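Asker: next input, structure requested:
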Amino acid sequence: MNKVMSNKWVIAIYIFPALLLVGVLIFIPLILSAYYGLMEWDGIGDMKFVGLENYITAIQDLKFWDSALHSFLLAVFSTLSLAGYLAVSMILASKIKGADLLRKIYLIPMLLSSVAIAQLWIKVFNPANGMLNRILMAIGFENPPAWLANPDIVLYAIFIPILWQYAGFYILIYYAALKNIPETIIEAARIDGASPLQIAYRIKLPLIKGVVKVTIVLAIVGSLKYFDLIYVMTGGGPNGASEVMASYMYKLAFSTNEFGYGSAVGFLLLIITLIVTVIVRKITADKDEIQY
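Answerer: Presented below is the predicted three-dimensional model:
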């Protein structure tokens, strides 16, 4: 068996299907996106080569940078929310009563589609008879805001369902990591007189540091390319107040038929995401990990 597995041709046969899928579904679309970004094209007719004009236009486009700012704000909020998810997972991992039920409840949003979640929160934010405004009026607010129609608050209102949607995902990751910590270490700390807060901060957190780093990268990258829930809830409005890079790219390519320009924006989104990922990895890496 070992001789067979050491054969390079056998190894190539085993990994070929995976490489083929990666190539067809990831690398070829990326190459085509970069290529179409060099063209003036409506997605149907003839293409006209314009060089880097689309990329230069995107860099000078204030709407693109506004959408990029919104995406970065979402990334910041998503990263900060990880602290709350970690706190909840530590509570669930501490053998409290009903932890199994709570863990299942937190996973419910993961089972719903983004469209269903968007429709649910549109009802919650409804200015006339939405649950949120009814609660605010019941406690004394006479004129609660129109959450999805006010340019000053719409972006932050949308962050709430997004963070709610992925809460169970990160709580589950942290919960699994905490459960892998040997109980003998925790017991030894308790015997030495460590408080629950000291155990969480000085023992549990350092032991799952690698998992925390991974979730930070996932949260940031996921936020930068987020699209579906925002598009369903507001379509990037009102007046671009909730536009993110992915929704702006979609509008250019499929609403205004600027397929070449939209492809350029999409490729720039990829470049920005890669740069941010490398920066985050360097910031969060230990000294002995920084080799690239």
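Asker: is it true that Val276 lies in a helix?
Answerer: Yes. Counting by DSSP: H, G, I helix; E, B strand; the rest coil, Val276 falls inside a helix.
Asker: mind listing what it touches?
Answerer: 75, 220-221, 224 (Cβ atoms under 8 Å, 6 or more residues apart in numbering). (Each C-beta comes from the backbone N, C-alpha and C, glycine too.)
Asker: including secondary structure, distance to Gly51 and pLDDT, could those go into JSON lines?
Answerer: Shown next, in JSON lines, are the contacts of Val276 (DSSP: H, G, I helix; E, B strand; the rest coil; distance: Cβ to Cβ, whole Å; pLDDT from 0 to 100):
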{"residue": "Ala75", "secondary structure": "helix", "distance to Gly51": "31", "pLDDT": "93"}
{"residue": "Ile220", "secondary structure": "helix", "distance to Gly51": "32", "pLDDT": "93"}
{"residue": "Val221", "secondary structure": "helix", "distance to Gly51": "30", "pLDDT": "91"}
{"residue": "Leu224", "secondary structure": "helix", "distance to Gly51": "27", "pLDDT": "90"}
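Asker: next, give me the two most distant ones among those.
Answerer: Ala75 and Val221 (8.4 Å; Cβ to Cβ).
Asker: those two: which has the busier surroundings?
Answerer: When neighbours are counted by other Cβ atoms under 10 Å, Ala75 comes out ahead of the other of Ala75 and Val221, with 21 against 17.
Asker: what is the burial count for the nearest residue to the more buried one once chain neighbours are set aside?
Answerer: Distances taken as Cβ to Cβ, 6 or more residues apart in numbering place Ser223 nearest to Ala75, at 3.8 Å, with adjacent residues excluded. By other Cβ under 10 Å, 24 other residues sit near Ser223.
Asker: cool, Lys225 as well?
Answerer: Lys225 is flanked by 16 other residues according to other Cβ under 10 Å.
Asker: my guess is it meets Leu269, correct?
Answerer: Yes. In this structure, Lys225 is within contact of Leu269 by Cβ atoms under 8 Å, at 6.7 Å.
Asker: could the contacts of Val276 go into a markdown table alongside distance to Ile15?
Answerer: Shown next, in a markdown table, are the contacts of Val276 (distance: Cβ to Cβ, whole Å):
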| residue | distance to Ile15 |
| --- | --- |
| Ala75 | 33 |
| Ile220 | 29 |
| Val221 | 25 |
| Leu224 | 29 |
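Asker: out of those, who's nearest Leu136?
Answerer: Nearest to Leu136 among the contacts of Val276: Ala75, at 28.6 Å, using Cβ to Cβ.
Asker: and the gap between that closest one and Arg103?
Answerer: Separation of Ala75 from Arg103 (Cβ to Cβ, to the nearest Å): 26 Å.
Asker: same thing with Lys48?
Answerer: Applying Cβ to Cβ, the value for Lys48 to Arg103 is 55 Å.
Asker: more neighbours: which of those two?
Answerer: Using other Cβ under 10 Å as the criterion, Lys48 and Arg103 rank with Arg103 on top: 17 against 10.
Asker: wait, the more buried one touches Leu172, no?
Answerer: Yes. Counting by Cβ under 8 Å, Leu172 is a contact partner of Arg103 at 7.4 Å.
Asker: tell me the contacts of the closest residue to Leu136 other than its chain neighbours?
Answerer: In this structure, Leu136 finds its nearest non-sequential neighbour in Pro144, 4.2 Å apart by Cβ to Cβ, 6+ apart. By Cβ under 8 Å, 6+ apart, the contact set of Pro144 is 127, 132-133, 136-137.
Asker: what are the phi and psi values for Pro144?
Answerer: Main-chain torsions, Pro144, degrees, to the nearest 10: phi -70, psi 150.
Asker: got it, and Pro238?
Answerer: The phi/psi pair for Pro238 (degrees, to the nearest 10) is phi -80, psi 140.
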